[in-house]
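Undergrad: Pasting a predicted model and its sequence here:
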Amino acid sequence: MEQQQSQMLRVKNSGILNYNGSPVVEDMEEEMTRSALSAFRAKEEEIERKKMEELQALADPMRKEVSIVRKKIDLANRELKPLGLSCQRKEKEYKEALEAFNEKSKEKAQLLAKLMEEVNESERPRMTKLQELSKNIDSLQ
């Protein structure tokens, strides 16, 4: 780059560019030289960037694919979060419903036991009366 700058200055100073020697023309020529030099530097930097990109692509050929997969993983994680919360809510509701069901089942079992006890107590006097009637009938025959 420095070599090209010095060549351009040599050309300028040699009189090829400065054909009439006026200071205005010299300023214009100098500005054109700077502009050309800036454009050249920008082109060189762009070429260097492209080379670096190519080198990075060679160093990691799967980089783009890996990036795509990572983005998909991030998307899946974002979708999983509300689903996980929903599952936790549903699991909590399920546990509460199961607990209520178990309590009612226990209460029902207690009520059935009490019913059986009361039916048995109610049957005792009936059985006693039936036995007495049976004895009375047997004695009449």
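TA: Everything's here; your move.
Undergrad: quick one: pLDDT of residue 60?
TA: pLDDT, residue 60: 69.
Undergrad: name the helices or strands packed onto whichever strand or helix holds residue 64?
TA: Using DSSP states H and E, residue 64 sits in helix 63-140. Using 3 or more C-beta pairs under 8 Å, 6 or more residues apart in numbering; DSSP states H and E as the contact test, no helix or strand touches helix 63-140. C-beta: built from backbone N, CA, C; applies to glycine.
Undergrad: from now on call the first residue 355
TA: Sounds good: first residue 355 from here, last item helix 417-494.
Undergrad: got any ranges where the chain has weak pLDDT?
TA: The model of the chain has pLDDT under 70 over residues 355-380, 411, 413-415.
Undergrad: run the last query once more with 80
TA: The chain contains residues with pLDDT under 80 at 355-384, 407-418, 495.
Undergrad: Give me the most central residue, it.
TA: Taking C-alpha atoms, centre = their mean as the criterion, residue 431 is the residue nearest the geometric centre of the chain, at 2.2 Å.
Undergrad: if I look at that one, how far off is residue 423?
TA: Distance, residue 431 to residue 423, using C-beta to C-beta, to the nearest Å: 13 Å.
Undergrad: do the same with residue 412
TA: Distance of residue 412 to residue 423, given as C-beta to C-beta: 20 Å.
Undergrad: ok, the two, which is more surrounded?
TA: Using other C-beta atoms under 10 Å as the criterion, residue 412 and residue 423 rank with residue 423 on top: 11 against 8.
Undergrad: just to revisit the earlier point, determine how far the helix holding residue 418 lies from the middle of the whole chain.
TA: Its chain's C-alpha centre and that of helix 417-494 lie 37 Å apart, by C-alpha atoms, centre = their mean, to the nearest Å.
Undergrad: same thing with stretch 391-406?
TA: Computed by C-alpha atoms, centre = their mean, the chain-centroid distance of stretch 391-406 equals 39 Å.
Undergrad: Send me it as CSV with only the CA atoms.
TA: Below are the C-alpha coordinates for stretch 391-406, written out as CSV (Å, rounded to 0.1, in the frame of the first residue of the first chain):
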residue,chain,number,x,y,z
LEU,A,391,-6.0,5.6,-2.5
SER,A,392,-9.1,5.3,-0.2
ALA,A,393,-11.0,3.3,-2.7
PHE,A,394,-8.0,1.0,-3.2
ARG,A,395,-7.7,0.5,0.5
ALA,A,396,-11.4,-0.2,0.9
LYS,A,397,-11.1,-2.8,-1.9
GLU,A,398,-8.1,-4.4,-0.2
GLU,A,399,-10.0,-4.5,3.1
GLU,A,400,-13.0,-6.1,1.4
ILE,A,401,-10.8,-8.7,-0.3
GLU,A,402,-9.1,-9.4,3.1
ARG,A,403,-12.5,-9.8,4.8
LYS,A,404,-13.7,-12.2,2.1
LYS,A,405,-10.4,-14.2,2.5
MET,A,406,-11.0,-14.4,6.2
